[in-house]
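Trainee: no FASTA, just this:
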Ligand code: NDP
């Protein structure tokens, strides 16, 4: 009997995870399916209970359930508990453990691009769930200084206080930082702020790495503006691939077939229908 995996969210129709994980399972010859498990909030407890069945390896979790699943699990890994959000659940003999691979995926993407975060300074623009996961993973990876700005300054201050960072105004210049990361949804297709820039890359120093965690479009206005002034850039797709790769390894205990996952993500993005 084939094993089961899936993504729990509401809605999940536009998630790229089925394409990425389906390709990974095929490339690694794992006999399992990965489905879209659209789950309205009232159905969440039953959906989580069903993950305990022996043929289920676990699940991914996306909006709006990333926080709500925590009390439904048997255990939550330390980083996920500190973030307060779970994006991956592993079923080990009926016992469910929650993990968060978003921040680890971000750090892996940086390292893959040749940028080791240890000792580096970062400006994170945005103070939502993704910024929180990234800030804590950067701390764990030995980042030196973290600054956080946000459209709603009170949220930047709250997050900065929680992760030992400095809150700075939204118009803070990117110049003193080794890396500037857009952790907002500005620039994303369908966000209503497709042309917005989180800060002006023209005022960054020449070696500053400019990162956008938005992956649709693959080149956001922020990345384009940075590339046009000659700065090194990194888009959000590698983070998406690596958070999926970490989840795959948690479920299967096998190394993730990164090339197959990358190709599937690109195809799904270009095709618009994962
Ligand atoms: P949240 O809803 O938790 O946070 C959204 C953040 O974006 C807040 O800081 C919010 O500011 C800010 N924001 C929203 N709209 C605007 C705007 N028009 N101008 C300026 N700031 C704005 O979302 P997440 O943190 O979960 O996700 C943020 C982005 O990261 C999304 O685009 C998501 O797709 C992407 N992402 C990418 C991942 C990857 O693997 N590449 C993984 C996870 C997320 P305010 O507090 O003022 O509302």
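Mentor: Arrived safely. Keep in mind that this is a model prediction, so the values were computed, not measured.
Trainee: Neighbours of the closest residue to the ligand within the stretch 101-250 of the chain, how many?
Mentor: Relative to the ligand, the nearest point of the stretch 101-250 of the chain is residue 128 (2.0 Å; C-beta to the nearest ligand atom). From N, CA and C alone the C-beta is placed, and that goes for glycine too. Using other C-beta atoms under 10 Å, residue 128 is surrounded by 14 other residues.
Trainee: Could you find the closest non-adjacent residue to it?
Mentor: Among residues not flanking residue 128 along the chain, residue 183 sits closest, at 6.8 Å (C-beta to C-beta, 6 or more residues apart in numbering).
Trainee: about what we covered before: may I ask you to confirm that the residue of the stretch 101-250 of the chain closest to the ligand is in contact with residue 182?
Mentor: No - if you go by C-beta atoms under 8 Å, residue 128 and residue 182 don't touch, sitting 11.5 Å apart.
Trainee: interface residues of the chain facing the ligand?
Mentor: Residues of the chain lying close to the ligand (C-beta under 6 Å from any ligand atom) are 102, 105, 126-131, 150-152, 155, 183-186, 188, 193, 196, 213-215, 236, 239-240, 243.
Trainee: Confirm residue 6 sits in a helix?
Mentor: No - assessed with DSSP: H, G, I helix; E, B strand; the rest coil, residue 6 is strand; it does not lie in a helix.
Trainee: Residue 47 is in contact with residue 37, isn't it?
Mentor: Yes - counting by C-beta under 8 Å, residue 47 does reach residue 37; the two are 6.3 Å apart.
Trainee: In contact with residue 87, which residues are there?
Mentor: Contact analysis of residue 87 by C-beta atoms under 8 Å, 6 or more residues apart in numbering lists 60, 61, 62, 66, 99, 100, 101, 102, 243, 247.
Trainee: residues touching the third one, list them.
Mentor: Pointing back at residue 62 there. Applying C-beta under 8 Å, 6+ apart, we find residue 62 in contact with 7, 8, 9, 12, 15, 17, 87.
Trainee: Grab the two from the residues you listed that are most spread out in space.
Mentor: Greatest spacing in these, by C-beta to C-beta: 12 and 87 (12.9 Å).
Trainee: Distance-wise, check residue 84 relative to the ligand.
Mentor: Residue 84 is 11 Å from the ligand, where distance means C-beta to the nearest ligand atom, to the nearest Å.
Trainee: circling back: quick one: which of the contacts of residue 87 is most hemmed in?
Mentor: Neighbour tally across the contacts of residue 87 (other C-beta under 10 Å): the maximum, 30 neighbours, falls on residue 100.
Trainee: Give me the distance between the nearest residue to that residue once chain neighbours are set aside and the ligand.
Mentor: The shortest distance from residue 100 to any non-neighbouring residue, by C-beta to C-beta, 6+ apart, is to residue 80 (3.8 Å). The gap separating residue 80 from the ligand is 14 Å, by C-beta to the nearest ligand atom.
Trainee: How about residue 65?
Mentor: Counting by C-beta to the nearest ligand atom - residue 65 and the ligand are separated by 12 Å.
Trainee: Now do the shared contacts for residue 47 and residue 37.
Mentor: Counting by C-beta under 8 Å, 6+ apart, the residues touching both residue 47 and residue 37 are residue 8.
Trainee: from what I can see residue 252 touches residue 27, true?
Mentor: No - here residue 252 lies out of contact with residue 27, judged by C-beta under 8 Å, at a distance of 11.5 Å.
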